[in-house]
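>>> With the sequence up front, the predicted model follows.
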Amino acid sequence: LAVFQEFGAIVQFLIGDFTAMIGDPTGKSATRKVLTKDEIAKNIASYTNQAFKILDKDKTKVVYNNDWLGKLTPSDMLELLSKRTVARMLERDDFKKRYKNEDDIAIHEFTYPLLQGYDSVHLKSDMEIGGTDQKFNLLMGRHLQKAYNVGKQQAVLMMPILEGLNGVEKMSKSLGNYIGVTDEANDMFGKLLSISDELMWRYYELLSDKSIESIKGLKDGVKEERLHPKKIKDMLAMEIVDRFHGAGQGGIARDEFSKIFAKKDIPTDMEEFNLKTGIGILQALVETKLEPS
């Protein structure tokens, strides 16, 4: 999105506060529980703060789909539901698997792709960007723009899903295998260094600003043992930290990491505690919250 903005595009940053009540069934083997408005408000509170670490605020329009989906009348919903058949819905991979296994599919789950597609109708979007797992939902936007005679059909750009730190499942806060864009610089650097040498190339391709040709050069250098993978991983970690914390912060985080883990030195920033003379070691551990009890 940020790259499109560099070339003059205006981004409609969509927050699905209405569709979140249903929950995207993509990749799910069971019906998701319906969220309350309070739960949704809590979840989305920090979305824009995170987004504006990357996006240009002056070229971004933040929109909430409850503003239009919440106003659909029963007649409007019936019209929307008439735009797709049950047979087409069951072509979707996760629904197909659940139907074959005789697992429950709640009727409201069928509405999710339609509601997401209706977002594209309302916003008259020229392009929608999403993960490869969103193919069915993204194409629904094209279909509905045609069905509602919007006068255009959006292009769809799908991005590969980034694996988490363990290199197995997709990066997810719920799985704890993630790097948050609001993580402290030192934490961000340390997490990036924890990924495997093999996974490092996947992160380079999906996260680095380096060209594919430059990344191939680095990869060949490691393969031919002209370059050490640790040095290449340092470069990636510094680039990412600089992006979210400012130029030069990556180098500072690298030096701090080296100081603590390579040289076994004392960290620059350490919390200080004042304890009573003669306090027992167990009580000291609890009062400094190094141990819970």
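Now that the structure is in, tell me what you want to look at.

>>> What strand or helix carries the nearest residue to Leu81 once chain neighbours are set aside?
Leaving aside its chain neighbours, Leu81 sits nearest to Leu114 (6.7 Å; criterion: CB to CB, 6 or more residues apart in numbering). For glycine as for every other residue, the C-beta is placed from the backbone atoms N, C-alpha and C. Assigned by DSSP states H and E, Leu114 belongs to helix 107-123.

>>> Averaged pLDDT, that helix. What do you get?
Helix 107-123 shows a mean pLDDT of 93 in the predicted model.

>>> And for stretch 249-267?
Across stretch 249-267, pLDDT averages out at 84.

>>> Gln12 belongs to a strand?
Yes - Gln12 sits within a strand when classified using DSSP: H, G, I helix; E, B strand; the rest coil.

>>> At which residues are the helices of the stretch 1-150 of the chain located?
2-6, 37-44, 47-51, 66-69, 74-81, 86-89, 93-100, 107-123, 135-147 (DSSP state H, counting those that start in this stretch).

>>> CA atoms only for the lowest-mean-pLDDT helix or strand in the chain, dumped as CSV, please.
For the chain, counting by mean pLDDT, DSSP states H and E, helix 37-44 ranks last in confidence among helices and strands (a mean of 78). Output in CSV follows, covering the C-alpha atoms of helix 37-44 (Å, rounded to 0.1, in the frame of the first residue of the first chain):
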residue,chain,number,x,y,z
LYS,A,37,-19.3,-4.5,19.6
ASP,A,38,-17.1,-3.9,22.7
GLU,A,39,-14.8,-6.7,21.8
ILE,A,40,-14.4,-5.3,18.3
ALA,A,41,-13.8,-1.8,19.5
LYS,A,42,-11.0,-3.1,21.7
ASN,A,43,-9.4,-5.1,18.9
ILE,A,44,-9.4,-2.2,16.4
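
>>> How far does the helix or strand hosting Arg254 sit from its chain's centre?
Using DSSP H and E, the element containing Arg254 is helix 249-257. Distance of helix 249-257 from the chain centroid (CA atoms, centre = their mean, to the nearest Å) equals 25 Å.

>>> Counting by contacts, list what it packs against.
Packing partners of helix 249-257 (3 or more CB pairs under 8 Å, 6 or more residues apart in numbering; DSSP states H and E): helix 185-193, helix 229-245.

>>> Could you identify the helix or strand that succeeds it?
Beyond helix 249-257 on the C-terminal side, the first helix or strand identified by DSSP H and E is helix 281-287.

>>> could you give me the average pLDDT of that following helix?
Mean predicted lDDT for helix 281-287 stands at 89.

>>> Share the number of residues neighbouring the closest residue to Thr111 other than its chain neighbours, please.
Counting by CB to CB, 6+ apart, Thr111 lies nearest to Ile22, which is 6.6 Å off, once chain neighbours are set aside. Counted with other CB atoms under 10 Å, residues neighbouring Ile22 total 20.

>>> next one: Thr19
Using other CB under 10 Å, Thr19 is surrounded by 22 other residues.

>>> My read is that it contacts Leu69, right?
Yes - in this structure Thr19 lies within contact range of Leu69 using CB atoms under 8 Å: 7.1 Å.

>>> Now list whatever residues contact both of these two.
Jointly contacting Thr19 and Leu69 under the rule CB atoms under 8 Å, 6 or more residues apart in numbering are 115, 119.

>>> Run a quick neighbour tally on Leu114.
Neighbour count of Leu114, defined by other CB under 10 Å: 19.

>>> tell me the contacts of it?
Contacts for Leu114 were tallied using CB under 8 Å, 6+ apart; they are 80-81, 83-84, 140, 144.

>>> And Thr288, by the same measure?
When contacts are counted by CB under 8 Å, 6+ apart, Thr288 touches 271, 273, 275.

>>> List phi and psi for it.
Note on Thr288: backbone dihedrals following degrees, to the nearest 10 are phi -90, psi 0.

>>> Could you give the number of residues near Leu192?
When neighbours are counted by other CB under 10 Å, Leu192 registers 23.

>>> Test my guess that it contacts Asp234.
No - using CB under 8 Å, Leu192 makes no contact with Asp234, being 9.0 Å away.

>>> if we can go back for a sec, filter the contacts of Leu114 down to the buried ones and express that as a PyMOL selection.
Applying 16 or more other CB atoms under 10 Å to the contacts of Leu114 leaves a buried subset, and the PyMOL line that selects it is:
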select buried, resi 80+83+84+140+144
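
>>> Name the nearest of the contacts of Leu114 relative to Ser293.
Ranked by distance to Ser293 (CB to CB), the contacts of Leu114 are led by Met140 at 51.7 Å.
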